[in-house]
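1. my questions are about this predicted structure, shown below with the sequence.
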Amino acid sequence: MKLRTVIKFTSALVPALFALGAWSSPIARADSKPPAEASYYTTRAVLAELFPASERVTYQTFTLAPAARARLTQRLGYVPARDRYTIFVATTRGKVDGYAVIDDEQGLHQPITFATRLSPRGTVERVEIMVYREPRGDEVRDVRFRRQFEGKTSQAPLRLGADIDAVSGATVSSASLATGVHRATILIEELALGLSTVASAPGAPDRSAPANSRLTVSR
């Protein structure tokens, strides 16, 4: 996988990425801010937190071809909400340290923006809440809840009461995070690692391709 976009952690990173249209999320839009919204990480800050020892972080934005969308739908059990997904890749001396997916999942009333760090093989290593928009339920930020996802792979359905224990008083948010983290494991397998467990339809080649920006941000 050829990555041409080099991201190093500077204050100019987030505006530059958004100006290029490399990644779109509610944290980047100019929507009116709900009264209960609390922001804990910017994109730059969460990547620095997830990969503190990595030399660089690159990203690729994948536009889903019909075959890829069909595979994701089959594996997820629902149609993906987006046509494009951005995957961040941390490397040191040319070796992959891990991947990250920044995504949203609908809570009770508002979407929750979160980041998932995964190992080079697609195992969940860490989950961080970036923006929480509900007046209640932010106990999902508690480290004891988030640590339940560590070590999980796409093979774990992450069901409440089975794979994950919900936070009392934040059942909906707990379920939302479980759904979103499970999606991150499948996105990494399908788009970054090419480890699909679903066969493509014959005669329908997958033309999903990563869009590489030429932005270089120096430290």
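-> The structure has been received and is ready for your questions. These figures come from a predicted structure and were not determined experimentally.
2. C-alpha only now, for contacts and for neighbours.
-> Fine.
3. residue closest to the middle of the chain?
-> The chain has Val101 as the residue nearest its centroid, 2.1 Å off, counting by Cα atoms, centre = their mean.
4. isn't that one right up against Thr116?
-> Yes. Between Val101 and Thr116 there is a contact under Cα atoms under 8 Å: 5.3 Å.
5. what's the overlap in contacts for these two?
-> When contacts are counted by Cα atoms under 8 Å, 6 or more residues apart in numbering, Val101 and Thr116 have Ala184 as shared neighbours.
6. phi and psi next, for the residue nearest to the centre of the chain.
-> phi -120, psi 130 (degrees, to the nearest 10).
7. likewise Ala175?
-> The phi/psi pair for Ala175 (degrees, to the nearest 10) is phi -70, psi -40.
8. wait, it touches Val167, no?
-> No. Counting by Cα under 8 Å, Ala175 does not reach Val167; the two are 9.5 Å apart.
9. what residues are shared contacts of those two?
-> With Cα under 8 Å, 6+ apart, Ala175 and Val167 have no common neighbours.
10. show me where the protein has strands.
-> Under the criterion DSSP state E, strands of the chain are mapped to 6-7, 38-39, 56-63, 84-92, 95-106, 111-118, 124-132, 209-211, 216-217.
11. please identify the most buried of these.
-> Compared across these, strand 111-118 shows the largest average neighbour count, a mean of 24 (mean count of other Cα atoms under 10 Å).
12. what's it packed up against?
-> strand 95-106, strand 124-132, helix 171-187 (3 or more Cα pairs under 8 Å, 6 or more residues apart in numbering; DSSP states H and E).
13. starting at the chain centroid, how far to it?
-> Relative to its chain's centre, strand 111-118 lies at 5 Å (Cα atoms, centre = their mean, to the nearest Å).
14. which residues sit against that strand?
-> 25-27, 46, 50, 98-106, 124-133, 176-177, 181, 184-185.
15. now with 7 Å?
-> Defining contact as Cα atoms under 7 Å, 6 or more residues apart in numbering, one finds that strand 111-118 is touched by 50, 98-106, 124-133, 181, 184.
16. swap in stretch 142-152?
-> Against stretch 142-152 from outside (Cα under 7 Å, 6+ apart): 123-127, 164, 167.
17. if you set the cut-off to 8 Å instead, what comes out?
-> 123-128, 140, 164-167, 181.
18. the residues you listed: which two are farthest apart?
-> Maximum pairwise distance in the contacts of stretch 142-152, criterion Cα to Cα, is 22.6 Å, between Thr123 and Val167.
19. please pull out the lowest mean pLDDT helix or strand from the protein.
-> strand 216-217 (a mean of 29; mean pLDDT, DSSP states H and E).
20. report how many residues lie close to Ala65.
-> When neighbours are defined as other Cα atoms under 10 Å, Ala65 has 16 of them.
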